[in-house]
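> Could you work out the structure for the sequence below:
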Amino acid sequence: MSKSLATGRASTVVKLTLENGVVGYGEAWGLPAFNRSYEAFLANYLVGTDAFNIEHAYTRILARHYHFGVQGPMMACISGIDMATKDAIGKTLGLPVSKLLGGKRINSVPIYASGGYLTETPREDYRPQVELLAEGNYPAVKIKIGLSPESDEERVAMAREILGKDVELLVDINSNYTYDVAMESMERLAPYRIGWMEEPLNPADIQGYGRLHKRARMPIATGEALYTVFDFKNLVDAGGVDVLQPDLSLCGGFWQGRKIAELAYANHLRLSPHVWGGAIGLAAGIHFIASLPAFPHSDNIPKPTLLEYDLGANPLRTELLKEPIVVKDGIIAVPEGPGLGIEVDEEALLRYAAA
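Here you go, the predicted structure:
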């Protein structure tokens, strides 16, 4: 991305066992070593709690330990635990998580394909990546920009040339710009019909998002680095966003994800979950979208809620399940089994486990 190169990815798998022996799985953002440091602390509140009442335990943690704030590994851990708990409840009741969250409205979820990454040799590597995106015939595609406004225009112009005029083209800056540079980039990119500009500013610059949105030449999307509905409310109150992007492995799981969705609902904003981890978080995002209402639309939905699906090599997504989640014709079928509807491969977990 614009800030730095990454040589790998890490995520934390949460395995939760109910007293009846049912096992649920979740995914928490970040390095296992960070997250495991919270295990004993959280266990004091959660072990022995009725799974159906667990959200009250989370609220008690936040209320009692407000000095910790909501941003960081503690909330990521709660996110993974909440996913695992909902998975286990669904298995106990024989219901998919989407029906636990609000009802399964749709049977498949459309995706946008993330690609066009920045590499050590961005000019040489970029065109082949975009050509691969074009071969996939994805209706929506997201590319990385953010090196400079000049570079942004060069990359977007090439993407538009290769992808054609009908593909919805999304761009991601990964918060590398200040307000003035973001404005310059927007001016340069406006002729290319950008579907949204993602994370143009640092997540902490709430007022900056408000200023930028007032002059924006395209929709603004952000939220992958925001925690709980409180962070999202500050952004919405500042009038700084068009598309909210909660990451369920970080923002507070389904517990907070539903509150963020209701915030979007009440403010007539779009929502598109961020996914960058493994197969468990991907499954959670699918069920989450399947449960969302179409409001303010009804039968005709001009822009369906999209799920992020990155095209980078990711064994945490492709190898952790006995039956991997696959994209076909730009959509993913909502798993039909109870809970998250996935079967985790324990041998694969051990193969990729952190030392």
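> Strands of this structure, residue ranges please.
Using DSSP state E, the strands of the chain run over residues 11-17, 23-29, 108-115, 140-144, 168-172, 194-198, 220-222, 243-244, 270-271, 307-310, 331-333.
> The ones you listed: which one's closest to Leu250?
Across the strands of the chain, the minimum distance to Leu250, taken as CB to CB, is reached by strand 23-29, at 4.0 Å. The C-beta positions use only the backbone N, C-alpha and C, and glycine is treated the same way.
> May I have the strands that pair with the closest one, each with its orientation?
Based on DSSP bridges, the strands next to strand 23-29 in the sheet, each with its direction, are strand 11-17 (antiparallel).
> State the distance from Asp242 to Glu336.
Asp242 is 33 Å from Glu336, where distance means CB to CB, to the nearest Å.
> tally of neighbours for the closest residue to Asp172 other than its chain neighbours?
Once its chain neighbours are removed from consideration, Asp172 has its nearest residue in Glu198; the separation is 4.2 Å (CB to CB, 6 or more residues apart in numbering). Residue crowding around Glu198 was assessed by other CB atoms under 10 Å; the count is 27.
> Leu349 now?
Burial measure for Leu349: 16 neighbouring residues, criterion other CB under 10 Å.
> Could you double-check that Gln256 lies in contact with Val229?
Yes. Counting by CB atoms under 8 Å, Gln256 touches Val229, with 5.7 Å between them.
> ok, those two, which is more surrounded?
Higher neighbour count among Gln256 and Val229: Gln256, with 27 against 22, using other CB under 10 Å.
> who touches that one in this structure?
By CB atoms under 8 Å, 6 or more residues apart in numbering, Gln256 lies in contact with 79, 227-229, 246.
> could you dump those residues to JSON lines with distance to Val70 and pLDDT?
As requested, these are arranged in JSON lines below (distance: CB to CB, whole Å; pLDDT from 0 to 100):
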{"residue": "Ser79", "distance to Val70": "11", "pLDDT": "98"}
{"residue": "Tyr227", "distance to Val70": "5", "pLDDT": "98"}
{"residue": "Thr228", "distance to Val70": "5", "pLDDT": "98"}
{"residue": "Val229", "distance to Val70": "10", "pLDDT": "98"}
{"residue": "Pro246", "distance to Val70": "13", "pLDDT": "98"}
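> By neighbour count, which of these wins?
Ranked by the number of neighbours (other CB under 10 Å), the contacts of Gln256 place Ser79 first, at 35 neighbours.
> Show me what counts as buried in stretch 134-151.
Of the residues in stretch 134-151, 134, 138-146, 148-149, 151 count as buried by neighbour count, 16 or more other CB atoms under 10 Å.
> which intervals of the chain have sub-threshold pLDDT?
Counting by pLDDT under 70, the chain shows low-confidence ranges at 355.
> Helices along that one, start to end?
Assigned by DSSP state H, the helices in the chain fall at 32-36, 39-46, 54-64, 73-93, 97-101, 122-135, 149-163, 179-189, 206-215, 228-237, 253-266, 279-291, 315-318, 346-351.
> List the contacts of the fifth one.
Looking back up the chat, that one is helix 97-101. The set of residues external to helix 97-101 that reach it, using CB under 8 Å, 6+ apart, is 86-87, 89-90, 93, 104, 254, 258, 284, 287-288, 290-291, 334, 339-341.
> Relative to Ile301, which of the helices of the chain is closest?
From those, taking CB to CB, the stretch that ends up closest is helix 279-291, at 12.2 Å.
> Let me know the angle separating that closest one from strand 23-29.
Regarding helix 279-291 and strand 23-29, their directions subtend 100 degrees when assessed with axes from the mean of the first three to the mean of the last three CA atoms, to 10 degrees.
> Any idea which residue is closest to the centre of the chain?
Using CA atoms, centre = their mean, the residue of the chain that lies closest to the mean C-alpha position is His274, 1.6 Å off.
> Please name the nearest non-neighbouring residue to that residue.
With CB to CB, 6+ apart as the criterion, His274 has its nearest non-adjacent residue at 3.8 Å, and that residue is Glu224.
> Against Ser175, how distant is the one you found?
For Glu224, the distance to Ser175 equals 10 Å [CB to CB].
> anything in contact with each of those two?
Between them, Glu224 and Ser175 share these contacting residues under CB under 8 Å, 6+ apart: Glu199.
> Hmm, Glu131 is touching Ile162, no?
Yes. At 5.9 Å, Glu131 and Ile162 qualify as touching, with contact defined as CB under 8 Å.
> quick one, which of these two is more surrounded?
The residue with more neighbours, out of Glu131 and Ile162, is Ile162; 19 against 12, by other CB under 10 Å.
> Contact partners for the more buried one?
Per CB under 8 Å, 6+ apart, neighbours of Ile162: 127, 130-131, 133-134.
> hang on, the earlier thing: buried only: go through the contacts of helix 97-101 for me.
Neighbour counting over the contacts of helix 97-101 (16+ other CB under 10 Å) leaves 86-87, 89-90, 104, 254, 258, 284, 287-288, 290-291, 334, 339-341 as the buried ones.
> ok, and the closest non-adjacent residue to Gly30?
Distance criterion CB to CB, 6+ apart; nearest residue to Gly30, sequence neighbours excluded, is Ala76 at 5.3 Å.
> What's the separation between the one you found and Gly253?
According to CB to CB, Ala76 stands 9 Å off from Gly253.
> Between these two, tell me which one has more neighbours.
Gly253 (31 against 27).
> excluding its backbone neighbours, what's nearest that one?
For Gly253, the spatially nearest residue (CB to CB, 6+ apart) is Asp82, at 2.9 Å.
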